[in-house]
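Starting from these lines, generate the structure:
(one chain, ligands or ions: 1)
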Amino acid sequence: MKKHKAAPDDRCPCGSGSALPDCCGQYLDGRTAAPTAEHLMRSRYTAYMYQRADYLLATWHPTTRPATLDLPPTQWLGLSVAQHLPQDGTHATVAFVARYKVGGRAHRLAETSRFVCEDGRWFYLDGEIGE
Ligand SMILES: [Zn+2]
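Residues are numbered from 1 along each chain as shown. Reported below is the predicted structural model:
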């Protein structure tokens, strides 16, 4: 007999260890706004996994937001946040590594994203690819 862990499928894909509804789920549902840039970054990773282009566009700052977003079929393997660096009350950067597979090939994306907070909501501005 296999032992079952406590509802592993409820775990948030962002790797926080929390249950999805208590983690990124509440932001994707629109129940509440992500309180920090890191929370927003994690929820955007989860949104990529669930192909939630609407959420990705809604959390993208209007000055840098693309008109449309095509999400190719991607198998997201994991996220690790390397550094969350608040600059001041309304600006922050988050460095992370995301691993994913496209067409059976594994890739690794290392990015430092910039975020800005306006009227209490965090938005993704842009990112720099790098180690
Ligand atoms: Zn999460």
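
and the gap between residue 110 and the ion?
19 Å (C-beta to the ion, to the nearest Å). (Glycine included, C-beta is placed from N, CA and C.)

Ignore what I typed, I meant residue 126.
22 Å.

what about that residue, how many neighbours?
13 (other C-beta atoms under 10 Å).

hang on, it packs against residue 114?
Yes - taking C-beta atoms under 8 Å as the definition, residue 126 is a contact partner of residue 114 at 5.7 Å.

What ranges in this protein fall below the confidence cut-off?
1-9, 131 (pLDDT under 70).

who in it is up against the ion?
12, 14, 16, 23, 24, 42 (C-beta under 5 Å from the ion).

Drop anything exposed from the residues you listed.
Among the residues of the chain next to the ion, the ones that count as buried by 16 or more other C-beta atoms under 10 Å are 12, 14, 16, 23, 24, 42.

Ignoring the adjacent residues along the chain, who's closest to the fourth one?
Nearest-residue entry for residue 23: residue 12, 3.6 Å, with adjacent residues in sequence omitted and distances by C-beta to C-beta, 6 or more residues apart in numbering.

Next: the third one.
The shortest distance from residue 16 to any residue other than its chain neighbours is 5.1 Å, reached at residue 23 (C-beta to C-beta, 6+ apart).

Please identify the helix or strand for residue 87.
Element membership of residue 87, judged by DSSP states H and E, is strand 75-88.
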